[in-house]
Each structure stands twice: as structure tokens, then as C-alpha cells.
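*Asks:* please work out how this folds:
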Amino acid sequence: MALDKDRTLALAAQLGIPVPASHLITGLEQVGPLAATLRMPVVVKPARSIGENAQGRRQLSVDYAFDQRGLEASVEHQLRFGPVLLQEYVRGQGVGIELIADRGEIVFAFQHQRLHEVPLTGGGSSLRVSVPIAPPLLEASRKLMRALSWHGVAMVEFKWEPASGAFSLMEINGRFWGSLPLAVAAGADFPAMLYELMIEGRVRERPPYRTGIYCRKLSSDIYWHEQILRRDAPAGLVEFPDGARLARDLFKIVSPRHHFDVQQWRDPLPGLVDLARIGANYLERLGRLFREKRARAALRKPWRDGHAAARIGQARRLLFICYGNINRSALAERYFHSLPASRHVEAISAGFHETEGRPADPVMVEVAAASGIDLRDWSSRKVTRDMIDASDVVLVMEDRHYRQIATLFPDAAERTFLLGMAADARGEGEIADPYGRPRHLYERCAGQVRGGVDAIAGLLRHASGQG
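*Replies:* Predicted coordinates for the structure are as follows:
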């Protein structure tokens, strides 16, 4: 029941605990009648964090809809992996009541407040502080634990408005939680208490925990600062801190009341390993960024010096390639065939995926149909040596596709180009795979593919003296 968000909220409502207005969606047809009654933004949650369909299991994430079109697109995407929960967006502080219960009775409780969350729209905390327990939140948690006959540890999450006293239940985490190091640093040693409960049969008496203790997960908090600098969150959902607040939060590091999740004087080795991993991660990212920029410059060069245009202008057979040949390259082939340039130039497409004969992605089928492109009878192909040899120009979607061609078919490297650079030689050039992502990313991908193919057709018309 704690794992299933819809059942958790239903139980809370029965117990008189405030919950966000929520609707379980099992079919897209349910969204239209609801849309007019919902206040935007709407939180679109998978009913379970791990979804499953014919392609396998997939980790799902929370999305946010700001209008009806975005709501329908997000729901349509998530329904592919299971039921969806539509929930009103509740503002307030993210707080958690951490507890240990003995057959439904809470024997020790602790409360923390999230200060930094990753992602910025709400998630695990990278910086949090211990605070006094709010009696209404503890009472709500007590009702839930009794109703569930809970035995062991749990964290009950709320959104809380201290000024008004209003709160809403978000979920129950029926396990140890990510901010556990804060509880331990503040004197609430839940691992020891769980040992006592399970092995000795009861939790010993303990003094109250200390409030005003801060704890920071260094690796996540560095990433939190990155997201703040990039303003990486939907407008209107996140209040970005100013420089003064950032400085105050950063200077908490020198306070004796500040702790780290991993870096601890009493046990330094894990902290040193963590620092080494953080350093290695950023060095690897910088190195990858440098390599990508250098590789991108090399791929941009033939577009700038005219080599790509000349090759394409002389081409009589094109080969579009992506990974699976069920989205990007399939659309490129079908769209090219709808243009006048296809009267004089052949085009096929393929992918690197081992399995052939797969239908086009159903979301892309719908997106393509909106532009008059029919992918309903599509059957995917795997790229072969014969296809490469028969093609005058190979057009790929990503840098890695170029590298794969250069590795598998070295002689084709000089006639392989990024399709996205045909429309904008100064841009990034890559067309990202939308598979399994929200519909608006399919639409963006389709627009990029059409733009690239239009540019290719323009080069062919120019070379033939038609434009």
C-alpha cells in the first residue's frame, strides 16, 4: 500500500489526512472531461515508479503540465507504461517525518526540512536541516502507521505551510531514506533503533534529537548548484535563490552544526573515496566535453568548406541512419519520398538495432501523420555493408552514429554527415532520439528531421539547376 501512491492517498483521505486532489488515469479518454476542472500546473506521476510494457521495464519520472495540450501529451506518454496519477501542484516546504514504529505505534520520530532538492522541482534533498516536530504532521503520520500496522522504519513526506498550518501528504517511503545521515548526526540513530526493534524486541529510550543540524550530500549539492546556475527548471515552479542565499547556504559548511553525508572525521576513507569519485566525474565530463567539441568541429568542417554540399549535390542514392530505424531515419526516408527531389534521387534508411521488421514507434506514427507522412506500414532494417556501398551519401542523427559508421565501415566516413547540420551548420547538429520520452520531444525531433531533409532537397535542387 505504501508503494502504490494511489492507494496511499486513498487511505489518507479515509483517515481525514489532507491530500492533493488526485485522479487515477488508465485511459487517455479520461483526460478531456477532467481538464476543465484541473488547476494548472498539474503534476503527472506514474502510479508506480517502475513502468513496464512490451519493450521491458523502465524507470519513470514525474512530469508537469501547464496546459491541456501538454497534459494530454504527458499522460499519453506515461500511459504506455502503466496507470497515471494526476495531482494538483502543492506549494510549500518539503518536510519529512522519519519514524520507527512497533506494530503500528510510533516509538521515535524525527522531522527534517529540505533546503536543496534535486531535481529543483522536487526530489531527494542535497541539503536539509533538522527541525522541531510539527504536531499535526506527527499526528497524521501516527494515523497512517496505525492503519497500516507498520513495523519498522518509514518516512512520511508532506508539503507544509508553517504560516498557515496547511499541509498535504505526498507519499510514504517504507524504507530507509536518502537523508538518513542527517537524522543520525542529530542524534536519531534509526539503524541502531531498527536493530533493537528486530533483535531485542523493543526500542530503548532515547533523549530528544538536536534541531538546527544541517547535512549535505556533496555530490548531489554540487549538481544542485549547476542546475541553479543553468536555471534548469520549468518557469513558475521554482523560486531561484539569489546570490546572498547561495552564499549563506554555502558558508554553513564552516559551522560546527554542519555535517556531510559521506565526509566524516571519524571514518575518513568513504569521504575520500567520494571526493575522488566527484573529481573523476568532473574530469571525465570536462574531457568528454572537450572531445565532443573537437569531434563536432570536425563534423562541421565539411559543411563549412562546401565538401558536404558538393557530395550531396552529386548524390543519386541517400542512406538515412539512426539507432533503431523506427523514429528518426524512418521519418527522414518517408518525408524525403514526399518531396520532388525524390524523383531523381533514391533514399533508404536503416539502423544499428539487431532486430529487423519492427514497426514505427506509435507516437511517431501519430506525429508524422499530422504532417501528412504515413508510417503505419513501416518495417525496420539493420544497416548492412551492401547498403553502405550502394549509397553516395550517408546521413546520421548523432555523433555516435558517425563514430559507429567510421568504425564499422571506415571507407564511408568521408561521405557520412550529420543530418541536423544540413539546416544549420553552426548549430549542434544532433537530432536526439525521442523514444520513450514525452510527446513534445517527438514533435521537436520530427521538426528537426524535416528541416534537415528540406535542406538536403534544397542542395539537390540547386545542383540540378532547379532552385
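
*Asks:* surely Glu98 meets Gly178?
*Replies:* No - between Glu98 and Gly178 there is no contact under C-beta atoms under 8 Å: 10.9 Å. C-beta: built from backbone N, CA, C; applies to glycine.

*Asks:* pick out whichever of these two has more residues nearby.
*Replies:* Glu98 (26 against 18; other C-beta atoms under 10 Å).

*Asks:* what about stretch 383-397, distance to the chain center?
*Replies:* 33 Å (C-alpha atoms, centre = their mean, to the nearest Å).

*Asks:* correction: stretch 331-351
*Replies:* The answer for stretch 331-351 is 33 Å, by C-alpha atoms, centre = their mean.

*Asks:* next, the distance between the ends of that stretch.
*Replies:* Start-to-end span of stretch 331-351 (C-alpha to C-alpha, to the nearest Å) is 12 Å.

*Asks:* quick one: mean pLDDT for it?
*Replies:* Per-region confidence: stretch 331-351 scores 92 on mean pLDDT.

*Asks:* please enumerate the strands of the stretch 51-200 of the chain.
*Replies:* Taking DSSP state E, counting those that start in this stretch to define them, one finds strands in the stretch 51-200 of the chain at 56-59, 63-65, 84-88, 93-102, 105-118, 124-131, 152-161, 166-173.

*Asks:* scratch that, the stretch 301-450 of the chain is what I was asking about
*Replies:* 317-322, 346-351, 393-396, 416-418.

*Asks:* mind giving me a markdown table with those strands and columns for mean neighbour count and distance to Leu272?
*Replies:* Formatted as a markdown table, the strands of the stretch 301-450 of the chain follow (neighbours: other C-beta atoms under 10 Å; distance: least, C-beta to C-beta, whole Å):
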| stretch | mean neighbour count | distance to Leu272 |
| --- | --- | --- |
| strand 317-322 | 25 | 43 |
| strand 346-351 | 22 | 44 |
| strand 393-396 | 26 | 43 |
| strand 416-418 | 25 | 42 |
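
*Asks:* quick one: which of those strands is nearest Arg294?
*Replies:* Minimum separation from Arg294 across the strands of the stretch 301-450 of the chain (C-beta to C-beta) falls at strand 416-418, 14.7 Å.

*Asks:* centre of the chain versus the closest one, how much separation?
*Replies:* On C-alpha atoms, centre = their mean, the centre of strand 416-418 falls 29 Å from that of its chain.

*Asks:* which strands and helices lie in contact with it?
*Replies:* Strand 416-418 sits against helix 268-304, helix 307-314, strand 393-396, helix 399-408, with contacts defined as 3 or more C-beta pairs under 8 Å, 6 or more residues apart in numbering; DSSP states H and E.

*Asks:* what about the chain, any weak spots by pLDDT?
*Replies:* By pLDDT under 70, the weakly predicted segments of the chain are 49-60, 235, 425, 463-467.

*Asks:* next up, the contacts around the residue most central in space within the chain.
*Replies:* Centroid-nearest residue in the chain, with C-alpha atoms, centre = their mean: Ser61, separated by 5.9 Å. Shown in contact with Ser61 (C-beta atoms under 8 Å, 6 or more residues apart in numbering): Pro46.

*Asks:* can you give me the helices in the stretch 1-150 of the chain?
*Replies:* 5-14, 31-35, 68-79, 135-148 (DSSP state H, counting those that start in this stretch).

*Asks:* contacts made by the shortest one with the rest, please.
*Replies:* Just to be clear, that refers to helix 31-35. His23, Ile25, Gln68, Leu71, Glu72, Val75, Leu86.

*Asks:* just to revisit the earlier point, would CSV of the helices and strands packed on strand 416-418 with distance to Met198 be doable?
*Replies:* As requested, those are exported to CSV (distance: least, C-beta to C-beta, whole Å):
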stretch, distance to Met198
helix 268-304, 25
helix 307-314, 67
strand 393-396, 56
helix 399-408, 49
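
*Asks:* name the stretch among these that sits most buried.
*Replies:* strand 393-396 (a mean of 26; mean count of other C-beta atoms under 10 Å).

*Asks:* how much space between Asp424 and Ala455?
*Replies:* 8 Å (C-beta to C-beta, to the nearest Å).

*Asks:* of the two, who's got more company?
*Replies:* Ala455 (20 against 14).

*Asks:* show me the contacts for the nearest residue to the more buried one once chain neighbours are set aside.
*Replies:* Distances taken as C-beta to C-beta, 6 or more residues apart in numbering place Ala422 nearest to Ala455, at 3.7 Å, with adjacent residues excluded. Contact partners of Ala422, counting by C-beta under 8 Å, 6+ apart, are Trp303, Ala308, Ile312, Leu395, Gly452, Val453, Ala455, Ile456, Leu459.

*Asks:* my guess is the third one meets Ser391, correct?
*Replies:* It stands for Ile312. No - judged on C-beta under 8 Å, Ile312 makes no contact with Ser391 at a distance of 11.6 Å.
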